[in-house]
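In: here is the input, now give the coordinates:
(chains A and B)
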Amino acid sequence: MKTGVVVFPGSNCDHDTYHVLKHVLGTDARFIWHGDAHLHDCDVIVLPGGFSYGDYLRTGAIARFSPVMQAVKEFARRGGFVLGICNGFQILQEAGLLPGAMLRNRGLKFICRPVDLRAERTDLAFTRAYEPGQVLRMPIAHNEGSFYVSPEELNHLERNGRVVLRYSSPSGEVCDAANPNGSLNNIAALINEEGNVMGMMPHPERASELCLGSEDGKGIFVSLLKAVESKNPRIQESKNGPRGLSFLNS
Amino acid sequence: MMLRVFVTLKPSVLDPQGMTIQKTLAGLGYSQVEEVRQGKYFEIRWAGDLSAREERDKVETIVARVLSNPVIEGYRIEWPQEIPA
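Out: As a prediction, this is how the structure comes out:
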């Protein structure tokens, strides 16, 4: 499986993500520069965390216009798997691939600490490795993570099961005390309507090895690996450099 | 030509920065400050004739699509005085 990590000026979780994809998962991982106009036949594209373009204007607002984002949009439109982590989530929102926007944390502080998350959807390409209602421990690290959408849109998202993870207590109770940043309905991760684009504020790449305190995040990448394999059986058969899904769809 | 753009959070969006500023001012004794909403201000020097409708549409597009995020923000454009609103 070929995986791509997009590097924007100011990305700072790109190497962590690459490490997990390459050395923990064993995929054929590569970096994709934000100025590239194509995605090198990758099966999965990850927009990593960081401060793309210094968060100028708004988080993700400038990165959205990078040449690579046109390719990411096209890739997503054709059904390719796109995962946005933290700043990557914010970029996907600005690009219109996921709804809503991230406001400044309600406590006005940059928060960097592990949180508990209740898995609301475990039937997705991104989350099949988890059990329904499982509580996952992963770190968050953000200043703008307070999820906001209009009340009508929020209602629409909830009714259509678009919430993937919610900030919760260690026992899985979703309450205001477990909400670190003021996100509406404790929303920490969302899926698009088609189920191939996910954004999450917590960092699964920082929780994919036990030596880092948790490997609860690894399930996201494991799920994706399996999803790609089942979508394209040829990848399962051949260990040496299978081509990506893009040629199947073109 | 110089134009000015104000981008502010929609009234329905909570503004914790504005609230903190208001509380601080109240703490300093300025109890008249009922509410503060913090926003962004842009000065744009435009090399074009803003009396032309198409030019003003371009400004409108930039402000609506780039300088502001319609999910959370609204905007107001202050045109040069010689341009009718």
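In: quick one: the strands in chain B?
Out: B:2-9, B:39-45, B:73-78 (DSSP state E).
In: and the ones you listed, which is most packed in?
Out: strand B:2-9 (a mean of 17; mean count of other CB atoms under 10 Å in any protein chain shown). No exception for glycine: its C-beta is placed from N, CA and C like everyone else's.
In: who does that strand pair up with?
Out: In the sheet, strand B:2-9 lines up against strand B:39-45 (antiparallel), strand B:73-78 (antiparallel) (DSSP bridges).
In: how about those, which one is nearest A:Trp33?
Out: strand B:39-45 (29.2 Å; CB to CB).
In: how about the CA coordinates for that closest one, as PDB?
Out: Provided in PDB are the C-alpha atoms of strand B:39-45 (Å, rounded to 0.1, in the frame of the first residue of the first chain):
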ATOM      1  CA  GLY B  39     -12.400  40.800  14.700                       C
ATOM      2  CA  LYS B  40      -9.900  41.300  11.900                       C
ATOM      3  CA  TYR B  41      -9.100  44.500   9.900                       C
ATOM      4  CA  PHE B  42      -7.500  44.600   6.400                       C
ATOM      5  CA  GLU B  43      -6.300  47.500   4.400                       C
ATOM      6  CA  ILE B  44      -6.100  46.700   0.700                       C
ATOM      7  CA  ARG B  45      -4.500  48.900  -1.900                       C
END
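In: which residues make contact with it from outside it?
Out: Contacts with strand B:39-45, where a contact means CB atoms under 8 Å, 6 or more residues apart in numbering or on different chains, come from B:Met1, B:Met2, B:Leu3, B:Arg4, B:Val5, B:Phe6, B:Val7, B:Thr8, B:Leu9, B:Val59, B:Leu67, B:Glu73.
In: let's have the strands paired with strand B:2-9 in JSON lines, adding mean pLDDT.
Out: As requested, the strands paired with strand B:2-9 are exported to JSON lines (pLDDT from 0 to 100):
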{"stretch": "strand B:39-45", "mean pLDDT": "97"}
{"stretch": "strand B:73-78", "mean pLDDT": "96"}
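In: of all those, which one comes closest to A:Leu83?
Out: Checking the strands paired with strand B:2-9 against A:Leu83 by CB to CB gives strand B:73-78 as the closest, at 26.7 Å.
In: just how off-centre is the closest one within its chain?
Out: Counting by CA atoms, centre = their mean, to the nearest Å, strand B:73-78 is centred 4 Å from the centre of its parent chain.
In: which residues are contacting it?
Out: For strand B:73-78, using CB under 8 Å, 6+ apart, the contacting residues are B:3-10, B:13, B:39, B:59-60, B:63-64, B:67-68.
In: tell me which element A:Val82 is part of?
Out: Assessed by DSSP states H and E, A:Val82 sits inside strand A:81-85.
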